[in-house]
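Student: show me the folded form of this:
(one chain, ligands or ions: 1)
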Amino acid sequence: MEDATIHATKAQDKTVELDVQFINPYKGRGVFAKCQFGKGDFVVEYRGDLITWEESQRRRRTYHRASAVFLYEFYWKEKIWCIDASREDGSLGRLVNDDHRHPNCKMKRVIIEGKPHLFLFALREIHPGQEIPYDYGGKDWPWRKQTLEQSDADVESSDSAVFSAVLETSERPSTSTMKGLNKPERVCSSVGLIPSLVDYSDSDSDSQDLCTSPAQQIESSKTQSLVSDSDLILTDQESIPRLRRTKSIQIKERIEFDSDDLFDPISDNSGSGEEYIPKSCEDSSEDTDGLVCKKSPLEAHKDLQIQAEYSTKTWQNTCPGPLWLYSASTDRSKGRAVETIEQHGAR
Ligand SMILES: C[S@@+](CC[C@H](N)C(=O)[O-])C[C@H]1O[C@@H](n2cnc3c(N)ncnc32)[C@H](O)[C@@H]1O
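Tutor: Got it, this is the predicted structure:
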């Protein structure tokens, strides 16, 4: 923990021990170990601007999705806060990718000098050359979708069967000491819900504010057995969202603070959120690879605002790789707009 505190105080990354590498146009960059990390070691901070939930909502409304994915919300002192790491500031934490199956790190909230920080700690030994991923939480991330659908048939016999079984029961926070607020395990955006996992235990006394549903305790005990010798991780409570297998991802335009959607999007049949578009498309304007989408979601969003009554628009990516179909509809009478993203397999 001291290591984390020193790096956080100086706003420094472990540049001797970590490296950024470009993986591929779809995944983009990733963070890799150059040295050995032991279980429980501090690896990297998810650094950015600390902002209130209200400010994060404001930014989500104005950010492009590719930037909004860097808004990382978490619970602290009975409020939702956010680290906005959207600025390309050279920090490494913002470049850590998702791996919900074999993460080697875990996000943890730590309070230093009265301010919350988000740190990644090693869940196990990490060897030089290995990528540093953590579980973003949630579900329906585009890059996970194919794997999930493929594994539907054999999920019962795989590692993820155990994982899913726990998740099925652990999804809904049942009790909370947060005065009616549930812990924001997912991040709300203007167009959807981005999942995130934060370990809320820290040295700060407000860690008692944690949700303590029985299911979360199941998840917690699972975690404990995995990392039993780490003080940092052993006593943590966490809740990992249930995985969902759907054909498409619906994106909501507006989500109220007290809506269940904020914390439990899957309980809403009207559709839960995934706000992220495959990187190869999102970043097309910045890439030199010539990957161009016919229409960006942002442009489509503008279109929505000028449509009268009801309309639907569809467009598709022209990037190499899987074909993604995006459709956006708005129904003025109901005052809502919905975007849908569907993957249609290989071209
Ligand atoms: C916080 S950024 C991570 C850094 C990012 N790779 C980059 O180069 O900027 C999250 C984005 O990285 C990509 N990403 C993260 N994990 C991924 C994965 N497992 N597979 C494919 N893409 C992933 C997605 O585009 C995602 O929206």
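
Student: quick one, phi psi at whichever residue of the stretch 101-250 of the chain sits closest to the ligand?
Tutor: When scored by Cβ to the nearest ligand atom, the stretch 101-250 of the chain has residue 143 as its residue closest to the ligand, at 3.4 Å. Heads up, the C-betas are built off the backbone N, CA and C, glycines and all. Here is the backbone geometry of residue 143 (degrees, to the nearest 10): phi -70, psi -20.

Student: what do you get for residue 92?
Tutor: Per degrees, to the nearest 10, the backbone of residue 92 is at phi -90, psi -30.

Student: contacting residues for it?
Tutor: 13, 14, 15, 18, 20, 31, 44 (Cβ atoms under 8 Å, 6 or more residues apart in numbering).

Student: farthest-apart pair in those residues, please.
Tutor: Greatest spacing in the contacts of residue 92, by Cβ to Cβ: 14 and 20 (12.0 Å).

Student: comparing these two, which residue is more hemmed in?
Tutor: A count of neighbours by other Cβ atoms under 10 Å puts residue 14 above the other of residue 14 and residue 20, at 20 against 14.

Student: how much space between the more buried one and the ligand?
Tutor: 17 Å (Cβ to the nearest ligand atom, to the nearest Å).

Student: name the SS class of that residue, please.
Tutor: coil (DSSP: H, G, I helix; E, B strand; the rest coil).

Student: look up how far residue 114 lies from it.
Tutor: 24 Å (Cβ to Cβ, to the nearest Å).

Student: and stretch 48-56, is it in reach of the ligand?
Tutor: No - Stretch 48-56 is not in contact with the ligand by Cβ under 6 Å from any ligand atom; minimum separation 10.6 Å.

Student: ok, and the closest non-adjacent residue to residue 35?
Tutor: Ranked by Cβ to Cβ, 6 or more residues apart in numbering and with sequence neighbours excluded, the top spatial neighbour of residue 35 is residue 17, at 4.2 Å.

Student: residue 127 too?
Tutor: residue 36 is the one closest to residue 127 (Cβ to Cβ, 6+ apart), at 6.0 Å.
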